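Visitor: A structural model of the following input is requested.
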Amino acid sequence: MTAEKFRKLALSLPEVSEQAHMAHPDFRVGGKIFATLGPEEDWGMVKLTPGQQEPLVRGEPAVFRPAAGAWGRRGATIIQLENADDVTVREALVAAWRNTAPQRLVRQFAER
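Guide: Next up is the predicted model:
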């Protein structure tokens with residue numbers, strides 16, 4: 001997985017925009033961040049729930065790890081892009097998007 005592929009997958013979700021936060025790219029839906037790329041663009045972060053995070057970290061520890069501190073305990077999950085595949089990253093991005101998007105948008109997405 002490359003940073004460009006991560007960006008393309010994030011931007012493929014409904015009503016997502018790319019902005020910048022703390023000098024690196026982030027991806028927003030409804031004005032709220034659901035994913036970011038690290039400053040060197042060698043990792044990404046998705047905002048999951050702790051229940052979504054745990055099986056990913058346990059199942060693919062070379063790919064997923066909790067972010068540092070309280071953010072990680074609340075579900076923010078780092079993705080080591082070089083170790084990740086497209087399918088797994090897309091699933092994580094969709095979960096983070098669903099967690100963050102307005103409910104009307106989530107319902108529309110589910111109907112597709």
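
Visitor: Name the single longest helix found in this protein.
Guide: Using DSSP state H to define each element, the chain has its longest helix at helix 86-100.

Visitor: ok, now how distant is T88 from Q80?
Guide: Computed as C-beta to C-beta, to the nearest Å, the T88 to Q80 distance reads 11 Å. (Glycine included, C-beta is placed from N, CA and C.)

Visitor: Overlap of the contact sets of these two?
Guide: Contact criterion C-beta atoms under 8 Å, 6 or more residues apart in numbering; residues shared by T88 and Q80: V63.

Visitor: quick revisit: and the longest helix of the chain, what does it pack against?
Guide: Packing partners of helix 86-100 (3 or more C-beta pairs under 8 Å, 6 or more residues apart in numbering; DSSP states H and E): helix 3-11, strand 32-37, strand 43-47, helix 50-59, strand 76-80.

Visitor: Not counting its own residues, what contacts whatever helix or strand comes next after it?
Guide: Later in the chain than helix 86-100, the nearest helix or strand by DSSP states H and E is helix 103-111. By C-beta under 8 Å, 6+ apart, the surrounding residues in contact with helix 103-111 are 13-15, 29-30, 98, 101.

Visitor: how big is the angle separating helix 103-111 from helix 86-100?
Guide: 150 degrees (axes from the mean of the first three to the mean of the last three C-alpha atoms, to 10 degrees).

Visitor: Quick check: mean pLDDT of helix 103-111?
Guide: The average pLDDT for helix 103-111 rounds to 86.

Visitor: Quick check: which ranges of this protein have low pLDDT?
Guide: Scanning the chain for pLDDT under 70 picks out the ranges 112.
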